[in-house]
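1. model this:
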Amino acid sequence: MSRQQPRSVSGATWVIGGLVVLSGLTALLTVLMRDDLVRAWAAGHPDESGVKPPSFVPVAIVLFVVFALLAGVLTMFFRSGHNWARLSLTALVCFMAVATLAGLRTGPPTLFLLVSVVSVVLDLALLFFLWHRDTSAYIGHTWRAAHPVDRD
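-> Next up, the predicted model:
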């Protein structure tokens, strides 16, 4: 795009990048600490002796790959001024926040709690940037430029 993007759009882009990195870190920690996660899960389910502990690693890796690719594609459209991409990023970040908070129900190790808190803070920062008044003006201007009104 030839015109200058507001700081709110640049801020949203940086926060999305941070969330992707944090998601990758979570997947890596899941691989490295899989035994701790299974122990934490088993401690929360002592009465279910016949139930096999879930496999956290494949879920974490697939979640990271899907989130990173989807966030990347949506960010490109968002930076181009498409409002539907902003709406989609909003939904994505809300779903990721719910998934993060749901993951806390398993009683994960302390490092996962720290990463989850940082993730939720970044989710809130992203929502702030996505719905900032400068972002709305930028997206509105882009749409109006692409759809001129014929005043004959």
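2. so how far is Leu113 from the residue positioned nearest the centre of the chain?
-> By CA atoms, centre = their mean, the chain has its centre lying nearest to Val93, at 4.3 Å. Here Val93 is placed at a distance of 20 Å from Leu113 (CB to CB, to the nearest Å). Glycine gets a C-beta too; all of them are placed from N, C-alpha and C.
3. check Arg39 too.
-> Distance of Arg39 to Leu113, given as CB to CB: 15 Å.
4. low-confidence stretches in the protein?
-> 1-3, 44-49, 142-152 (pLDDT under 70).
5. which other helices and strands does the helix ranked longest in the chain contact?
-> What stands out as the longest helix in the chain, according to DSSP state H, is helix 7-32. When contacts are defined as 3 or more CB pairs under 8 Å, 6 or more residues apart in numbering; DSSP states H and E, helix 7-32 packs onto helix 56-79, helix 83-103, helix 110-130, helix 133-146.
6. stretch 41-51: end-to-end distance?
-> Counting by CA to CA, to the nearest Å, you get 11 Å between the two ends of stretch 41-51.
7. going forward, begin numbering at 872 instead of 1
-> In the new count, where the first residue is 872, that last one comes out as stretch 912-922.
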